[in-house]
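Trainee: okay, here's the prediction I keep looking at, along with the sequence it came from:
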Amino acid sequence: MSSSLALKLDEETRRRLQALGQLRDRSPHWLMKKAVLEYLDREESYEQEKQEDLARWEQYRLAGRGVPHASVREWLDSFGTESGRPRPE
């Protein structure tokens, strides 16, 4: 179910939105909806990654296990080579 939501824009933003809508043969409403959906997708993805990072940090903090940077660097450098290394543990 859809519902309306008011959005106040300054005149310059409104003008730009209308101009782009004409160029793209889209309504300002369509452009605003697309922009909001893309923003939500991006920010929700960022938030999920941040929460996963925090959980990994907490796991490291509690268990004290980590992988030295040099080991990770060697592993990454071996990608795509005949002597590819296994993932460091």
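Mentor: All right, it came through fine. Numbers count the residues shown, from 1 in each chain.
Trainee: ok, for Arg85, nearest residue in space, not its chain neighbours?
Mentor: Once flanking residues are discounted, Arg85 sits nearest to Ser78: 4.2 Å by CB to CB, 6 or more residues apart in numbering. C-beta coordinates here come from the backbone N, C-alpha and C atoms, glycine included.
Trainee: that neighbour touches Arg87, doesn't it?
Mentor: No. Taking CB atoms under 8 Å as the definition, Ser78 is not a contact partner of Arg87, at 10.2 Å.
Trainee: and those two? which has more neighbours close in?
Mentor: Per other CB atoms under 10 Å, whichever of Ser78 and Arg87 has more neighbours is Ser78, with 13 against 8.
Trainee: separation between the more buried one and Lys34?
Mentor: Taking CB to CB, to the nearest Å as the measure, Ser78 falls 42 Å from Lys34.
Trainee: what's the per-residue pLDDT of the residue nearest to Arg85 here?
Mentor: Reading off the per-residue confidence, Ser78 sits at a pLDDT of 92.
Trainee: ok, now Val36?
Mentor: Among the per-residue scores, Val36 holds a pLDDT of 97.
Trainee: same thing with Ser3?
Mentor: The per-residue pLDDT reported for Ser3 equals 92.
Trainee: longest helix in the chain, by residue count?
Mentor: For the chain, the helix with the greatest residue count under DSSP state H is helix 28-63.
Trainee: got the buried residues for it?
Mentor: Pro28, Leu31 (16 or more other CB atoms under 10 Å).
Trainee: and that helix, what does it pack onto?
Mentor: Here helix 28-63 is seen to pack against helix 11-24 when contacts are counted using 3 or more CB pairs under 8 Å, 6 or more residues apart in numbering; DSSP states H and E.
Trainee: off-centre distance for the helix it packs on?
Mentor: Helix 11-24 has its average C-alpha position 26 Å from the chain's average C-alpha position, going by CA atoms, centre = their mean, to the nearest Å.
Trainee: ok, the residue nearest to Glu89 when sequence neighbours are not counted to Ser78 distance?
Mentor: In this structure, Glu89 finds its nearest non-sequential neighbour in Val67, 7.2 Å apart by CB to CB, 6+ apart. Using CB to CB, one gets 15 Å for the distance from Val67 to Ser78.
Trainee: all good on my end, thank you.
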